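*Asks:* take a look and give me a structure for this.
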Amino acid sequence: MSLIPSFFGTGRRTNIFDPFSLDIWDPFQDFPSSALTAPRSDDTTAIANTRIDWKETPEAHVFKADLPGLKKDEVKVEIEEGRVLQISGERTKEKEDKGDTWHRMERSSGRFLRRFRLPENAKLDQVKASMENGVLTVTVPKQEVKKPDVKPIQITG
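*Replies:* Next up is the predicted model:
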C-alpha cells in the first residue's frame, strides 16, 4: 500500500522513494475480498477504461470504441430487446513467468460491457460493425423521416 496517495497512473508502488512509481492509493488493496461487502475486481477498471464515442449523422448513429490490442473475435456487438446496443468483450491478463520482475502493470485487463439505448429512428436490422487498428466502429442506420403528405384543398366560393 502506498504511503503517499497520487493521481498518476494505476498499479502497485514498489518503492515509496521512487518518484517514477507514483500510483493511485487504494485503501482496499491489502484487504481480502471477503472483508468487503462486494468482491474487488479489476473488471471495473476495464469497464471504466472502455472509451466510446457516439455521434449522429443525417444517415446514421455511429459508435466508435477504442479497443487497442483486441481482435474482432474477442469483441461482441449485440442488439438486445428494448433497442439496446451492447458492446462487450474481454482483455486477458498477460501471463506472469516466474523469472519475470514486473515494474509497472498499467494496462487494464478483464471484461468490459457498455450498453446504449438506441432511439426510435434506428434501423435495428441493418446494424454493421467493423474493427480496424484497434477501433471498433458500429453503424446503426436511421429511418428516413417521412414528411407528411400535404394535399392542397381548393377553396370554393
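*Asks:* count the neighbours of I87 for me.
*Replies:* Other residues lying near I87 total 21 when counted by other C-beta atoms under 10 Å. All C-beta atoms are positioned from the backbone trio N, CA, C, and that covers glycine.
*Asks:* the host helix or strand of it - contacts with which helices or strands?
*Replies:* Following DSSP states H and E, one finds I87 within strand 84-91. Where contact means 3 or more C-beta pairs under 8 Å, 6 or more residues apart in numbering; DSSP states H and E, strand 84-91 is packed against strand 60-66, strand 75-80, strand 110-117, strand 135-141.
*Asks:* can you redo those strands as a markdown table with mean pLDDT, distance to G157 and mean neighbour count?
*Replies:* Shown next, in a markdown table, are the helices and strands packed on strand 84-91 (pLDDT from 0 to 100; distance: least, C-beta to C-beta, whole Å; neighbours: other C-beta atoms under 10 Å):
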| stretch | mean pLDDT | distance to G157 | mean neighbour count |
| --- | --- | --- | --- |
| strand 60-66 | 95 | 50 | 18 |
| strand 75-80 | 94 | 56 | 14 |
| strand 110-117 | 90 | 53 | 15 |
| strand 135-141 | 97 | 48 | 18 |
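*Asks:* please identify the buried residues of stretch 99-109?
*Replies:* For stretch 99-109, a neighbour-count test (16 or more other C-beta atoms under 10 Å) marks 108-109 as buried.
*Asks:* any idea how far apart the tips of it sit?
*Replies:* With C-alpha to C-alpha, to the nearest Å as the measure, stretch 99-109 spans 22 Å from end to end.
*Asks:* cool, stretch 70-88 as well?
*Replies:* Stretch 70-88 end-to-end distance (C-alpha to C-alpha) = 11 Å.
*Asks:* ok, back up a step: out of the helices and strands packed on strand 84-91, which is closest to K93?
*Replies:* Of all the helices and strands packed on strand 84-91, strand 110-117 sits nearest to K93, with 7.6 Å by C-beta to C-beta.
*Asks:* continuing past that closest one, what's the next helix or strand?
*Replies:* Following strand 110-117 in sequence order, the next helix or strand is strand 128-132 (DSSP H and E).
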